[in-house]
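Asker: Could you look at this predicted model? Sequence included:
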Amino acid sequence: MMKWRSLAPIGLGMALLLAACSSNTSVSQNNSSTPQQPAAATEGGTLVVAAPVEPDTLDSQKSTWLDNTNSQSYDSFLSRDMQGKLVPHLAESWEVSDDGKVWTLKLRQDVKFHSGAPLTAEAAKASIERFAEISPVKDLAGPIEKVEAADAHTVKVTFKEPFAPFANMLLGTFITPLDPERLKEKGDQFGEAPSATGPFMNPEIKRGASVTYVKNPDYKWGHVYADNPGAPYVDKIMFRFLKDDDTRILEFKKGTIHVLQEVPTTYVPELQAIPGVKIETNMEQGMKYLGFNNKKDVFKDVRVKQAIAMAVDREPIVQYALSGFAKPIFGPLPPTIPGHSEKIENMAKEMYGYNVEKAKQLLAEAGYTDSNGDGIVEKDGKPFSLELLLMDDPVLQRVAQILQNQLKEIGLDIKIAVTDAATVKDRAIKGNHELFLLYFGLNDPDILFLLMETNNSKRVHYSDPKVDELLTKGRTTLNEEERMKVYEEAMELLVKNPPWVPLYVTESVTATRNIEGYKINPFTGDILFGDIKITK
Amino acid sequence: MHRYLFRRLLSLLGTLLGVTILIFLLVQLIPGDPVQYLLGDYPTEEAIAAMNAQLGLDQPWIMRYFSFLGKLLQGDLGTSYITGITVWQEIEDRFPITLQLALYSIILATVIGIVVGMIAAVKQNTWVDRLVVFFSLLGISAPGFWIALFLIWIFAYQLSIFPISGYDGFYSLVLPSITLALGGAGMIARMTRSSMLDVIKQEYMRTAQAKGAPRTSVILMHGLQNAIIPVMTLIGLEFGSLLAGAIVTETVFSLQGLGSLAIEAIGKRDLPTIQGIVFFAAVLFALTNLLVDLLYTLFDPRIKYE
């Protein structure tokens, strides 16, 4: 009896608590049961976006990473349309000289900076020069020799040698015309109050919390593939940085967020059930892969790498680790990056389709057999055990566990090592790793040069003179068709002697609520915020 | 008293010097370096060398330590590698939220902890006492993120009394303060209870009661005043650590305090910011404890510092 009584207040408290919750739920049910007319979309209002990463700076030329959050003030020179075709933007036309060294961009004449001053070739030239001088990623733009303003609206960029990936740089806002007046005024601190030609302007920065832009009312040079090339419909756009997944989801469910980026796939069914919520998916321009440290002796034998590749079954990985929000990939480039080849993809699938028997056979040929019957293969009496290094990401951790089980099937013992992203990259760069899970992303096949060319290969430490030669040729071949042929040849070699096991291409999930007109360009990753109207 | 204060401040300087060495060595031990973050995923060798030289990271660590110490003596904590803002400015931007949060939580924790602890001591071995012991244990052992989500779910999501996350004045700090206060309140309650139980058994308590003093005044004047010293130490320690920022609570509630700044800086290996925050927090912690030691004399005249 004593015990019962002492527990009574707790029970009472809980009951009160539950009552409080349930009464509230029933109220909201009452509200939603009254038939609601779907509110008509209106102009104005503040669009709230929960963004995955807070940018270090809004100065595009001091950043290593550009996404929708820090590029709203800017416009790119060129773009790709929704089908992947190169199209004009600030540059109404462009051409490359026959020797591939001079790029000429003709600028639109009706473009104005946020200050009202017209866009000139001089301003564009100064911006490109600033990029080539101060950007931490300036090497991605290639060996720029000089930039000239040929006339009021023509810019010429001259290279020391031909550099095909420059087209890709023109699609983004690393190289973008900045307002020369603001640059003069702010200099190094341009990121505190950036000004250029983009659809949104005057960002209010609350570090650690949010960035809020107001619309550019004079905007009329939007993307050719946008429904609304003029000034955005919404008055303001606010990017909020909510790091905790549970908090982000609750805010979204509460209705305080219109666009929730990078939704963890496990929450999709729950969010989908809310009225007014739409789930949008977008295939990333990159992939997740199981990398080998190719410098290690154990991976010098190509049969070992091939056996590991054949032991991987991507289906359960996609189903269980990603709830189906991914596409398995076998070849070196995903369909979202130019240079992707169906021929290569099929060849890789043919060679490395899931086949445990063949994998075991290859391992046996390489000298790994299970002599003591413990399920783990040995060579020279030593059990075959490798460390799998990965960062503390919940999805990658699930992938690692599945891989560990699959590789056990062929007698390979995997030790999983989870650490933070910076440590994974540091160990990979120093070659202090065996197997690792990582990803890459870029919108040009030149990514293969950056990952596989002997001097640049800082993750997989791959080295093949023939591959080096082809990937270098790919950089200097301006003719699109010829260039893709070169990459096809290089990829064939990368499939035969694989530096890695490509795993899957993530479909990143975005949930939208009470808005219409949401659209993302799969080839640039740009969300067309100018098209969006708030419906409630 | 003045000589005591002087001695304490001198030993404080020694402690802080030790702290600088420790911070510096620990930061050296973290794998990964800021240059890898600063240059993105595909830097060239030349770019890496140039950036190392620009940041002075090509110098041996002992040289870098003395340059850090030299600047520190002039009150300069350095400049963030990532944002280019001085570390002082970064701390100035973030500290107000952390300070408010720490103040509200410690006040709440102290009030709840002492009141509840005293009631438990006076009602020792009754159901009230057991309830207090149970809940204080729960407060201490429940993980912060769990309490935070629980509070958000009920008071922000279901009842809409408070915002779910973000900083928007006092109102938005209520739930985070409660989250932080619960753990502290639990500890303070337990300490108050056990300390009071010791005091209640003392003969002067019986004497006071025997001479007919009202029960409440016996408990408060004779009891609490004698039991408070260990509780004050605990409050001081708790407040000191709250001032360093609460990483988990700030993350869940999306508050831009010192804790969230620290965790970002660590992820990006922003060495000056990490060093600056840890040093700043160490100074506050040491000063809080000094202050608590001095406050002892107010409550217990027997304590004198010579």
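Answerer: Good, I have the coordinates.
Asker: Show the contacting residues for the nearest residue to A:Glu181 once chain neighbours are set aside.
Answerer: Nearest residue to A:Glu181, sequence neighbours excluded (Cβ to Cβ, 6 or more residues apart in numbering or on different chains): A:Ser115, at 5.9 Å. To be clear about C-beta, it is placed using only N, CA and C from the backbone, and glycine gets the same treatment. By Cβ atoms under 8 Å, 6 or more residues apart in numbering or on different chains, A:Ser115 lies in contact with A:179, A:181-182, A:195.
Asker: pretty sure A:Pro332 is in contact with A:Leu493, am I right?
Answerer: No: taking contacts as Cβ atoms under 8 Å, A:Pro332 lies outside contact range of A:Leu493: 9.8 Å.
Asker: Which of those two has more residues huddled nearby?
Answerer: A:Pro332 (30 against 16; other Cβ atoms under 10 Å in any protein chain shown).
Asker: Tell me who's in contact with the more buried one.
Answerer: Contact analysis of A:Pro332 by Cβ under 8 Å, 6+ apart lists A:344, A:348, A:448, A:491, A:494-495, A:502.
Asker: Pull the most distant pair out of the residues you listed.
Answerer: Comparing all pairs in those by Cβ to Cβ, the longest separation belongs to A:Ala348 and A:Leu448, at 14.0 Å.
Asker: Would you map the strands across the stretch 101-250 of chain A?
Answerer: Using DSSP state E, counting those that start in this stretch, the strands found in the stretch 101-250 of chain A span residues A:102-107, A:144-151, A:154-159, A:200-206, A:210-215, A:236-241.
Asker: What is the third one packed up against?
Answerer: Helices and strands touching strand A:154-159, as assessed by 3 or more Cβ pairs under 8 Å, 6 or more residues apart in numbering or on different chains; DSSP states H and E, comprise strand A:102-107, helix A:121-134, strand A:144-151.
Asker: ok, how many other residues are close to the residue in the stretch 351-500 of chain A positioned nearest to chain B?
Answerer: Residue nearest to chain B within the stretch 351-500 of chain A: A:Ala422 (3.4 Å; Cβ to the nearest Cβ). By other Cβ under 10 Å, 20 other residues sit near A:Ala422.
Asker: ok, the spatially closest residue to it that is not a sequence neighbour - contacts?
Answerer: Setting aside the residues directly before and after it, A:Ala422 is nearest to B:Gly32 in space (Cβ to Cβ, 6+ apart), at 3.4 Å. B:Gly32 is in contact with A:420, A:422-423, A:425-426, B:269, counting by Cβ under 8 Å, 6+ apart.
Asker: Same question for A:Phe436.
Answerer: Counted by Cβ under 8 Å, 6+ apart, A:Phe436 has contacts A:290-291, A:293, A:388-390, A:424, A:427-428, A:459.
Asker: shaky segments in chain A?
Answerer: Applying pLDDT under 70 to chain A flags residues A:1-40.
Asker: Next, B:Tyr4: phi, psi?
Answerer: The phi and psi torsions at B:Tyr4 (degrees, to the nearest 10) take the values phi -60, psi -50.
Asker: Can you give me the neighbour number for the closest residue to chain A within chain B?
Answerer: Nearest residue of chain B to chain A: B:Gln256, at 2.9 Å (Cβ to the nearest Cβ). Counted with other Cβ under 10 Å, the neighbours of B:Gln256 add up to 23.
Asker: Residue of chain A nearest chain B, please.
Answerer: A:Gly208 (2.9 Å).
Asker: For that residue, which non-adjacent residue is spatially closest?
Answerer: Closest residue to A:Gly208 apart from its sequence neighbours, by Cβ to Cβ, 6+ apart: B:Gln256 at 2.9 Å.
Asker: re the thing from before, can you tell me which of the helices and strands packed on strand A:154-159 is most buried?
Answerer: Across the helices and strands packed on strand A:154-159, the average number of neighbours (mean count of other Cβ atoms under 10 Å in any protein chain shown) peaks for strand A:102-107, which reaches a mean of 20.
Asker: For that one, which strands pair with it and how are they oriented?
Answerer: The pairing partners recorded for strand A:102-107 under DSSP bridges are strand A:91-96 (antiparallel), strand A:154-159 (antiparallel).
Asker: now those as CSV including mean neighbour count?
Answerer: Formatted as CSV, the strands paired with strand A:102-107 follow (neighbours: other Cβ atoms under 10 Å in any protein chain shown):
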stretch, mean neighbour count
strand A:91-96, 16
strand A:154-159, 20
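Asker: Dump those strands into TSV; add distance to A:Arg108 as well.
Answerer: TSV is the format used below for the strands paired with strand A:102-107 (distance: least, Cβ to Cβ, whole Å):
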stretch	distance to A:Arg108
strand A:91-96	5
strand A:154-159	12
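Asker: ok, back up a step: present the strands of the stretch 101-250 of chain A as a markdown table; the columns should include distance to A:Gln404.
Answerer: Listed next are the strands of the stretch 101-250 of chain A as a markdown table, based on distance: least, Cβ to Cβ, whole Å:
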| stretch | distance to A:Gln404 |
| --- | --- |
| strand A:102-107 | 49 |
| strand A:144-151 | 46 |
| strand A:154-159 | 47 |
| strand A:200-206 | 43 |
| strand A:210-215 | 40 |
| strand A:236-241 | 34 |
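Asker: Out of these, the one nearest A:Pro394 is which?
Answerer: Ranking the strands of the stretch 101-250 of chain A by proximity to A:Pro394 (Cβ to Cβ) places strand A:236-241 first, at 19.1 Å.
Asker: Low-confidence ranges, chain B, go.
Answerer: Along chain B, the parts satisfying pLDDT under 70 run over B:306.
Asker: and the longest helix for it?
Answerer: Across chain B, the longest stretch assigned as helix under DSSP state H is helix B:87-122.
Asker: List the strands paired with the strand ranked longest in chain A, with their directions.
Answerer: Ranked by number of residues, the top strand in chain A under DSSP state E is strand A:500-513. Partner strands for strand A:500-513, per DSSP bridges, with pairing direction: strand A:259-260 (antiparallel), strand A:277-283 (antiparallel), strand A:286-292 (antiparallel), strand A:326-328 (antiparallel).
Asker: what separates that strand from the chain centre, distance-wise?
Answerer: Here strand A:500-513 is found 9 Å from its chain centre; the criterion is Cα atoms, centre = their mean, to the nearest Å.
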